[in-house]
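> Okay, sequence plus prediction incoming.
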Amino acid sequence: MKIGHIGSYNRNFGDNVAILNARNEFNKQIKNIEWQSLDIQSNFWNRQNEIGYTIKLINSFNFDAVLVGGGGLIECAGYENNSTKFKLPFNKKILTSLNCPVFFIGLGINVFRGMEKFTDEAKKALSEVIEFSSCFSLRCDGSIDILKNMGLYDKSKVQEIPDPGLIYDFEKDKNYELKELYVQPAFNASPTINNNRFKGTKNLEKFLSFVNNHKLQAISHTPKDFINLKNFKYDRTRVDNLIQFKNTNKFIKEYMLNDFGISMRGHGQMIPMGLNIPGLYFSTQDKVRDFSLQNGFSDYNIDISEKDWYEKLNDKYLKMLNDKEYLNNWYNIRNEKIKGWKLRIKQFVGDCKNAM
């Protein structure tokens, strides 16, 4: 069986993990899959404005199915010139012209704070993707609520499942001696997005002082993170190597060496949680905050919009290191949630299997 997998490869550790873990779940339920990687950000799609070309290209592989997922992938900023007016190269005409089913696994709707929302054209294409997909799911980070606010939610078509980055067949044992500490930052190429993240340079400077005061090393998920901070666990050359998709398992093993982290990215929040590594979540984007609030981790989330965020971040950091009850509560919440997450993603992949 041959499945084409559309995702963002070799640019962000979190996306690589989500791609790999999605494949792992399919491999459990369907034997002898031949995977074909299709990088959504490569020149593979450089003619996607020609709808007929996209159809012909995908059909030329003679796939038994196409899987789309690993990362958010639903966003429109910067993709206004695409025929679909958002990142995904799909709409009704394309989906109804393909010779195989298309599954969308654990996607996320990426809306950066302070940035323009989805256009009507992008909404129309997204609604067509939902309607004409064979199976469609969004991850449990508030994306369903965004879809509802757009007026596009269809309970019969849209499932809410965990991001595949949360799902593993292994995990760390409980650990109450947190020694290997880190911060997982989130910076972007756009100065506007970075400014909106921190609501100005003063907050950014306070965050950097917090990292420096506690002598935290940073774990970069993408080369974009190599600004502002200086003390990284892995230098740029090492990260460039580790974020190659073929090295994803190696990077996961590196993550397993850590005991506790403060995360800013969505996958920085979810990957260690899936591995049973405790954390605090410093949200400068809605998806990190909403994941925490909707999944029981509100007491472990600190949002940049809170007036006392700096004091709160410092207090919760020290509490995590010194208050065993607070730390144990994190483990209890996580262990209860992981059971349901594993079941839901298993059921979704089962639905995909039945649709083939």
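Good, I have the coordinates. Residues are numbered from 1 along each chain as shown.

> My guess is T119 contacts K85. True?
Yes - counting by CB atoms under 8 Å, K85 is a contact partner of T119 at 5.9 Å. Where C-beta positions appear, they are placed from N, C-alpha and C, glycine not excepted.

> any residues in contact with both of those two?
Common neighbours of T119 and K85 (criterion: CB atoms under 8 Å, 6 or more residues apart in numbering): C76.

> which of those two has more neighbours?
Taking other CB atoms under 10 Å, T119 and K85 do not tie; K85 has more neighbours (19 against 13).

> I51 versus that one, what's the distance?
To I51, K85 is 12 Å away according to CB to CB, to the nearest Å.

> for this protein, which strand is longest?
Looking across the chain with DSSP state E, the single longest strand is strand 102-109.

> Report the inter-axis angle for whatever helix or strand comes next after it versus strand 102-109.
Where DSSP states H and E defines the elements, the next helix or strand beyond strand 102-109 is helix 120-132. Orientation check (axes from the mean of the first three to the mean of the last three CA atoms, to 10 degrees): helix 120-132 against strand 102-109 gives 140 degrees.

> Could you list the buried residues of helix 120-132?
Neighbour counts using 16 or more other CB atoms under 10 Å place E121, A122, K123, K124, A125, L126, S127, E128, V129, I130, F132 of helix 120-132 among the buried residues.

> where does the stretch 51-200 of the chain dip in pLDDT?
For the stretch 51-200 of the chain, residues meeting the criterion pLDDT under 70 lie at 116.

> For the stretch 151-300 of the chain, which segments count as strands?
Here the stretch 151-300 of the chain has its strands, by DSSP state E, counting those that start in this stretch, at 158-161, 181-184, 217-218, 260-263, 279-283.

> what's the second one in contact with?
For strand 181-184, the external contacting residues (CB under 8 Å, 6+ apart) are 211, 214, 216-219, 221, 229, 233, 258-265, 268, 272.

> Output the contacting helices and strands for the longest helix along the chain.
Scanning the chain for the helix with the most residues, using DSSP state H, yields helix 324-354. Where contact means 3 or more CB pairs under 8 Å, 6 or more residues apart in numbering; DSSP states H and E, helix 324-354 is packed against helix 13-29, strand 102-109, strand 135-139, strand 158-161, helix 309-322.

> Put the alpha carbons of the last one into CSV.
The C-alpha atoms that make up helix 309-322 are tabulated as CSV, following Å, rounded to 0.1, in the frame of the first residue of the first chain:
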residue,chain,number,x,y,z
TRP,A,309,3.2,37.3,34.2
TYR,A,310,6.8,37.7,35.2
GLU,A,311,6.1,37.2,38.9
LYS,A,312,3.8,34.3,38.1
LEU,A,313,6.4,32.6,35.9
ASN,A,314,9.1,32.9,38.5
ASP,A,315,6.8,31.7,41.3
LYS,A,316,5.5,28.7,39.3
TYR,A,317,9.0,27.8,38.2
LEU,A,318,10.3,27.7,41.8
LYS,A,319,7.1,25.8,42.9
MET,A,320,7.6,23.2,40.3
LEU,A,321,11.2,22.6,41.6
ASN,A,322,10.3,22.6,45.3
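
> list the helices and strands that helix packs on?
If you count contacts as 3+ CB pairs under 8 Å, 6+ apart, helix 309-322 packs onto helix 201-213, strand 260-263, strand 279-283, strand 301-303, helix 324-354.

> Report the distance from it to the chain centre.
Between the centre of helix 309-322 and the centre of its chain there are 25 Å (CA atoms, centre = their mean, to the nearest Å).

> rewinding a little: relative to the whole chain's centre, how far out is the longest strand of the chain?
The answer for strand 102-109 is 11 Å, by CA atoms, centre = their mean.

> Direction included, what does that strand pair against?
In the sheet, strand 102-109 lines up against strand 65-68 (parallel), strand 73-74 (parallel), strand 135-139 (parallel) (DSSP bridges).

> Give me the mean pLDDT for stretch 240-249.
If you average the pLDDT over stretch 240-249, you get 97.

> Now it: buried residues?
Within stretch 240-249, the residues that qualify as buried are L242, I243, F245, T248, counting by 16+ other CB under 10 Å.

> Looking at the residues you listed, which is nearest R197?
The shortest approach to R197 among the buried residues of stretch 240-249 belongs to I243, at 21.1 Å (CB to CB).

> residues contacting the closest one?
I243 is in contact with N10, R11, N12, F13, N16, H221, T222, P223, F251, counting by CB under 8 Å, 6+ apart.

> phi, psi of the third one?
In other words, N12. Per-residue torsions, N12: phi -150, psi 130 (degrees, to the nearest 10).

> List the residues that contact it.
Neighbours of N12 in contact, by CB under 8 Å, 6+ apart: G71, H221, T222, I243, H267.

> do the same with the fourth one
F13 makes contact with H221, T222, L242, I243, T248, F251, H267, I271, according to CB under 8 Å, 6+ apart.

> Just the C-alpha atoms of stretch 161-181, please, in CSV.
Provided in CSV are the C-alpha atoms of stretch 161-181 (Å, rounded to 0.1, in the frame of the first residue of the first chain):
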residue,chain,number,x,y,z
ILE,A,161,-8.0,14.5,18.3
PRO,A,162,-4.6,14.9,20.0
ASP,A,163,-1.7,16.3,18.0
PRO,A,164,0.3,13.2,17.0
GLY,A,165,3.2,14.8,18.8
LEU,A,166,1.5,13.7,22.1
ILE,A,167,1.5,10.0,21.3
TYR,A,168,4.3,7.6,22.0
ASP,A,169,4.8,3.9,22.8
PHE,A,170,7.3,4.9,25.5
GLU,A,171,7.8,7.5,28.2
LYS,A,172,10.0,8.6,31.0
ASP,A,173,9.4,7.4,34.6
LYS,A,174,8.1,9.9,37.1
ASN,A,175,11.0,12.0,38.4
TYR,A,176,10.8,14.3,41.4
GLU,A,177,14.4,15.4,41.2
LEU,A,178,14.3,17.9,38.4
LYS,A,179,17.9,18.7,37.4
GLU,A,180,18.1,18.9,33.6
LEU,A,181,16.2,22.1,33.0
